[in-house]
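>>> What follows is a protein structure lacking sequence information:
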């Protein structure tokens, strides 16, 4: 019987374990490891500050999301011994494996930014990227009647890179509904040279921010957060003042990666082949989701699409066959823009966001605000719990980015 160990019981680990369980049946012993029993629906954190999601509804039991027959071991991870194919846990347990799946996501590292966790932290300086911060911001925004609210991305990569933009757009809607929008100055600060990394989407978002009177500050590499003075300071000396700062802290891989020689890069993310998801360091190690050092964005949709490829390739490896499944970087992102509308992006490694329809000519509009996209965003939690985590396939939607419905530019020279 093959032994498969999955490190992490979040999005990637859960859907990977469920797919592997379905593929292997009784032919493999699958064990998922995580330090707690709290599976958080992270995309829902964005909505807690605005009162459109309840924090308690975002948390469910980790092992209850796993298929019957899948083992769950609750413990922190000490390290991985790659040469011996063993995982050492903090409770003293040692797990041997034939295949290892790294799915421990990305951790927030607010302590890495000077001043961030100093005066003002968790009051007028906070983040919606964790549960406590999202709840705290709900109270802060409810009492914010005027002043400058700044959303600052402190560095890249981050989970769900469109979420900070969404926060700005929802804040515009939220303060308009409260009747105080004319007294609130909204500013989006990013280290990128544009509103978003993908050029086509960047132009759409820049126009949307301008239309909603949201200031855009680009190329701002935050060196310090001065909560006492209420200002952000960039590496080039620029300053942005704030009354309320909503920050996206620096991200890194799980801490055990640093204690596992050769497993991760300098930030603790696991290098892997961007198509097969097989780790560079060892053939029997794979990585999925936010834990990976890949050019794909860190988002739940990407993790879902990766799951199909990962499960296939783990099976091929354990059967002694060549890896034949390939991931193309497919990402699908709904972007809430407020007032009952949302945009939709669909892209991969080779093709950036394009206008058109998804997943075919009669589908949802791309790169354009619509109520249909908002409805798609509303059903995302249901899809997450009932289709994404169980690792179920959807007819007509695979890991490969669909080309039908997209408006591709004409080739040069035609």
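Cool, the structure landed. It should be emphasised that the depicted structure is a prediction, and the values quoted were computed from it without experimental measurement. Numbering: from 1, shown residues only.

>>> Give me the below-cutoff pLDDT ranges for this structure.
Along the chain, segments meeting pLDDT under 70 span 412-414.

>>> ranges for the helices of it?
Taking DSSP state H to define them, one finds helices in the chain at 11-24, 131-142, 163-177, 199-211, 255-258, 300-318, 371-378, 380-383.

>>> Save the ones you listed as CSV, and put in mean neighbour count and distance to residue 81 too.
Heads up, the C-betas are built off the backbone N, CA and C, glycines and all. CSV is the format used below for those (neighbours: other C-beta atoms under 10 Å; distance: least, C-beta to C-beta, whole Å):
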stretch, mean neighbour count, distance to residue 81
helix 11-24, 24, 20
helix 131-142, 18, 33
helix 163-177, 22, 36
helix 199-211, 17, 42
helix 255-258, 19, 12
helix 300-318, 24, 19
helix 371-378, 16, 43
helix 380-383, 14, 38
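
>>> In JSON lines: the ones you listed, plus distance to residue 292.
Shown next, in JSON lines, are the helices of the chain (distance: least, C-beta to C-beta, whole Å):
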{"stretch": "helix 11-24", "distance to residue 292": "9"}
{"stretch": "helix 131-142", "distance to residue 292": "23"}
{"stretch": "helix 163-177", "distance to residue 292": "19"}
{"stretch": "helix 199-211", "distance to residue 292": "22"}
{"stretch": "helix 255-258", "distance to residue 292": "11"}
{"stretch": "helix 300-318", "distance to residue 292": "8"}
{"stretch": "helix 371-378", "distance to residue 292": "25"}
{"stretch": "helix 380-383", "distance to residue 292": "22"}
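
>>> Those helices: which one's closest to residue 406?
Shortest separation from residue 406 across the helices of the chain is recorded for helix 199-211, at 11.2 Å, computed as C-beta to C-beta.

>>> Which strands and helices lie in contact with that closest one?
In this structure, helix 199-211 makes packing contacts with helix 163-177, strand 214-217, judged by 3 or more C-beta pairs under 8 Å, 6 or more residues apart in numbering; DSSP states H and E.

>>> ok so, going back, residue 152: which of the helices of the chain is closest?
When the helices of the chain are ranked by distance to residue 152, counting by C-beta to C-beta, first place goes to helix 163-177 at 8.1 Å.

>>> any idea how far the closest one is from the chain center?
How far helix 163-177 lies from its chain's middle: 19 Å, per C-alpha atoms, centre = their mean, to the nearest Å.

>>> just the angle between it and helix 199-211, please?
20 degrees (axes from the mean of the first three to the mean of the last three C-alpha atoms, to 10 degrees).

>>> hmm, who's touching helix 163-177?
Contacts with helix 163-177, where a contact means C-beta atoms under 8 Å, 6 or more residues apart in numbering, come from 43, 46-47, 49-50, 128-129, 141, 144, 149, 151, 153, 158, 181, 184, 186, 188, 190, 195-196, 205, 208-209, 212-214, 246, 248, 335-339.

>>> Now which of those would you call buried?
Buried positions within those, assessed by neighbour count (16 or more other C-beta atoms under 10 Å), are 43, 46-47, 49-50, 128-129, 141, 144, 149, 151, 153, 158, 181, 184, 186, 188, 190, 195-196, 205, 208-209, 212, 214, 246, 248, 335-338.

>>> from what I can see residue 398 touches residue 308, true?
Yes: at 6.8 Å, residue 398 and residue 308 qualify as touching, with contact defined as C-beta atoms under 8 Å.

>>> Just the strands from the stretch 201-350 of the chain, written as ranges.
With strands called from DSSP state E, counting those that start in this stretch, the stretch 201-350 of the chain shows them at 214-217, 222-226, 231-234, 239-241, 244-248, 251-253, 270-271, 285-287, 292-293, 331-338, 341-347.

>>> by contact count, what packs against the third one?
What it means is strand 231-234. Using 3+ C-beta pairs under 8 Å, 6+ apart as the contact criterion, the neighbours of strand 231-234 among helices and strands are strand 222-226, strand 239-241.

>>> Now do the contacts for residue 230.
Taking C-beta under 8 Å, 6+ apart as the criterion, residue 230 is in contact with 120, 124, 241-243, 245.

>>> coming back round to it: out of the helices and strands packed on helix 199-211, which comes closest to residue 356?
With distances scored as C-beta to C-beta, the stretch of these nearest to residue 356 is helix 163-177 (20.9 Å).
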